[in-house]
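J.: after the sequence you'll find the predicted model.
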Amino acid sequence: MNKLKEKTFTPTILSIVFFSVLTLLVVKNVSWFNNLDAAIYRFDWKPNERITDFVIVFAKIATIVPVFIISLLVSFGLWRNKHKLLAIWMSSNVLVVSALGFIIKHLVARTRPNVTQLVEKTSYSFPSGHSLLAMCLVCSILLSVQAIYKTKSPNYRLLKNGLIIYALVIGLSRIYLRVHYPSDVIGGFLLSYAWVSLSYICLQRFYLSRKFATTDSKKRFIQKTILGFLTFLLLIVAGASVYGANVFKNVQQTADKMYQPLNRETKSVELGKSEPVSFLLLGIANDSKRKTDFRANTIMVATVNNQLKKTTITSIPRDAYVEIIGKDGVYDKINHAHSFGGDEMMIETVEHYLEIPINHYFVINMDGLAALSDAVGGVTVNNDFEFDAEGIHYPKGKQHLGGWETLQYARMRYEDPLGDYGRQKRQREVTIQLTKELTSVKNVLRYQELLDVIGENGQTDMTLDQMMLLMKNYQKALENIESYQMQGEGFTGDGYTGEEGISYQSISDEEKAKVITELKHQLAIP
């Protein structure tokens, strides 16, 4: 084996530091950094179709399956040439950096560039998986060659230059296809280099530079190391399997507890085919401290369209004066439908009023909103004006709220110049923030607390399989959420139109038609 000067930790430490700084800038969403990172997409250029097709095909070389196959082939050659630990190190690098990339990608949860992609990608953006795997393969091969052969030969320099060009082209292809920011690519390179370099230094000092008294002692050392590695890997897999089985069991129990099917015909949607889907979201006024009633004080229709890559949340005023379906032509406040006939009457009333099918529903009571906010570590909101509610002071601007604070922020209406419309705006804001927190992997360690809260305070007609399909297939649409508030004019009932002395909201035909048109567009209804 070629005798080499031992590699130092300096480049590895620098890579870790640079990667950490880059990750911090992305997580903190620093404005100057974001502007610099997105600057390349401000240039107006038209991609060449042939070049684009070539880049798409070429980029597939840096996906997990081809890279792992190449690493296995190289490992096979190393094994046959008696470099067994190098062979194991070579292939394990690909698995480790893939796992690291997956974990960090979901913890950071950075969305893709908001530009027209040349190839559709729905996963998170930072770091770039292609860049990560390409750099891992390049570094692993070059370090393996350095450990075995002389590195001053023309053949080595040719190999080195070729591999470096390959990694750079893969990185540039991610930017060309408009699926990654430059920092995603650089982050993938840094993370891969840091791991491969660190693991190689350990291997070098632990084995490659070690002197053995006899050939048999060297052989026994290799056998013990391989056996120890396989045992460690088996323990990790076994532990992960037990943990995963326990998580799935708890999730299934919560889903069963929440599952409340409706006794009505519902239009089926193929979630596995990413068809547009609609939901009725209801927030029930069940505040244990205030002892309020069980009416639906929050009424929102959510439409999720994967083709448009967009989710819309439309708030309906709880006092909207509409026909209550199932009450023989009676007109009343829309939230009274829930008091009269529960979830089913509420859904049928909304369907009739907005002329769209409601595919599924979710209900959470107001106590659950506070507990859910606490379970995800609170939510960050951007308050439009300063106010006080329930002894809590809410300054104007961004602020992080705990559970009880979140609940009162969403409930307050008397100090709001917009009244109930202002409250509904804050409720949509809280709903969007909670959705983002719940779909983020960074809350995975709180999964049991989240399950307990959701199971106690929520109900839906969706099965666990359907919820998993929704999270898996509609990720891109769920990342892009827009909200809208139906506008009406207040009036007081006179005994003919509405109950005498009761306040209602009248939604104009123009406003209703505008909302119906948008919802049908979202649901691809002619």
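T.: Yep, that arrived.

J.: show me the contacts for the residue nearest to K267 when sequence neighbours are not counted.
T.: Of all residues not flanking K267 in the chain, P357 sits nearest, at 4.2 Å (C-beta to C-beta, 6 or more residues apart in numbering). The way it works is simple: take the backbone N, C-alpha and C, and place the C-beta from them, glycine included. Counting by C-beta atoms under 8 Å, 6 or more residues apart in numbering, P357 touches T266, K267, S278, E351, L523.

J.: you'd agree P357 is in a strand?
T.: No - in this structure, P357 is coil, not part of a strand, as judged by DSSP: H, G, I helix; E, B strand; the rest coil.

J.: against F19, how distant is it?
T.: Using C-beta to C-beta, to the nearest Å, we find P357 at a distance of 48 Å from F19.

J.: same question for Q433.
T.: Counting by C-beta to C-beta, the gap from Q433 to F19 is 28 Å.

J.: kindly report the same for T266.
T.: 48 Å.

J.: who has more neighbours, these two?
T.: F19 (21 against 15; other C-beta atoms under 10 Å).

J.: name the SS class of the more buried one, please.
T.: Recorded secondary structure, F19: helix (three-state DSSP).

J.: who's in contact with it?
T.: F19 makes contact with G187, L190, L191, A194 under the criterion C-beta under 8 Å, 6+ apart.

J.: equivalent analysis for A320, please.
T.: K333, I334, Y353, M486, G488, Y504, Q505, I507.

J.: so which elements touch the lengthiest strand in the chain?
T.: Assignment by DSSP state E gives strand 296-305 as the longest strand of the chain. In terms of contacts (3 or more C-beta pairs under 8 Å, 6 or more residues apart in numbering; DSSP states H and E), strand 296-305 is packed against strand 277-284, strand 310-315, helix 336-354, helix 420-438, helix 475-479, helix 509-522.

J.: between the next helix or strand after the third one and strand 277-284, how many degrees?
T.: Spelled out, it's helix 336-354. Counting by DSSP states H and E, the element after helix 336-354 in chain order, helix or strand, is strand 360-365. Interaxial angle of strand 360-365 relative to strand 277-284 (axes from the mean of the first three to the mean of the last three C-alpha atoms, to 10 degrees): 20 degrees.

J.: just the buried ones from the contacts of P357, in PyMOL syntax?
T.: To isolate the buried members of the contacts of P357 in PyMOL, using 16 or more other C-beta atoms under 10 Å:
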select buried, resi 278+351+523
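
J.: walk me through the domains of this protein.
T.: 10-210, 259-522 (automatic domain parsing).

J.: show me the contacts for T298.
T.: L281, L282, G283, S315, R318, Q424, Q427 are the contacts of T298 under C-beta under 8 Å, 6+ apart.

J.: format those residues as TSV; extra columns: pLDDT and distance to R205.
T.: Formatted as TSV, these follow (pLDDT from 0 to 100; distance: C-beta to C-beta, whole Å):
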residue	pLDDT	distance to R205
L281	88	57
L282	87	62
G283	80	60
S315	87	62
R318	86	68
Q424	76	63
Q427	78	59
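
J.: E405: which of those residues is nearest?
T.: The closest of these to E405 turns out to be Q427 (C-beta to C-beta; 14.4 Å).

J.: thinking that closest one is in contact with S315, fair?
T.: Yes - using C-beta atoms under 8 Å, Q427 is in contact with S315, at 7.2 Å.

J.: shared neighbours of the two, anything?
T.: With C-beta under 8 Å, 6+ apart as the test, Q427 and S315 both reach T298, M300.

J.: what stretches of the stretch 401-526 of the chain score poorly on pLDDT?
T.: 438-449 (pLDDT under 70).

J.: how about the strands in this structure?
T.: Assigned by DSSP E, the chain shows strands spanning 277-284, 296-305, 310-315, 321-323, 331-333, 360-365, 379-383, 387-389, 392-394, 397-401, 458-460, 481-485, 489-492, 503-506.

J.: the fifth one: partners in the sheet, and parallel or antiparallel?
T.: Based on DSSP bridges, the pairing partners of strand 331-333 within the sheet are strand 321-323 (antiparallel).

J.: next one: the partner strand to chain centre, how far?
T.: In this view, strand 321-323 has its centroid 38 Å away from the chain centroid, taken as C-alpha atoms, centre = their mean, to the nearest Å.

J.: and stretch 249-256, by the same measure?
T.: With C-alpha atoms, centre = their mean, you get 21 Å for stretch 249-256.

J.: avg pLDDT for it?
T.: The pLDDT scores in stretch 249-256 average 80.

J.: keeping just the C-alphas, turn it into CSV.
T.: Only the C-alpha atoms of stretch 249-256 are listed here, as CSV (Å, rounded to 0.1, in the frame of the first residue of the first chain):
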residue,chain,number,x,y,z
LYS,A,249,-48.5,1.7,16.6
ASN,A,250,-49.0,5.0,18.5
VAL,A,251,-49.9,6.9,15.3
GLN,A,252,-52.4,4.2,14.3
GLN,A,253,-54.0,4.4,17.8
THR,A,254,-54.3,8.2,17.5
ALA,A,255,-55.7,7.9,13.9
ASP,A,256,-58.3,5.3,15.1
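
J.: what comes up buried for that stretch?
T.: With burial defined by 16+ other C-beta under 10 Å, the residues of stretch 249-256 counted as buried are V251, T254, A255.

J.: same check, this time on stretch 507-525
T.: I507, K512, V515, L519, K520, Q522, L523.

J.: same question for stretch 382-395.
T.: Buried, per 16+ other C-beta under 10 Å, within stretch 382-395: N383, F387, A389, Y394.

J.: can you pull the contacts of the residue nearest to I525 when sequence neighbours are not counted?
T.: In this structure, I525 finds its nearest non-sequential neighbour in I356, 6.6 Å apart by C-beta to C-beta, 6+ apart. Listed by C-beta under 8 Å, 6+ apart, the contact partners of I356 are S278, V301, I516, L519, K520, L523, I525.

J.: my read is that the fourth one contacts I316, right?
T.: No - L519 is not in contact with I316 according to C-beta under 8 Å; the separation is 11.1 Å.

J.: what residues are shared contacts of those two?
T.: Contacts common to L519 and I316, judged by C-beta under 8 Å, 6+ apart, are V301.

J.: okay, now S183: neighbour count?
T.: So S183, with other C-beta under 10 Å, has 23 neighbours.

J.: state the pLDDT value of it.
T.: 91.

J.: any figure for the gap between the nearest residue to it once chain neighbours are set aside and L172?
T.: Nearest non-adjacent residue to S183, counting by C-beta to C-beta, 6+ apart: D37, 5.0 Å away. Here D37 is placed at a distance of 15 Å from L172 (C-beta to C-beta).

J.: try T349
T.: Distance from T349 to L172, by C-beta to C-beta: 55 Å.
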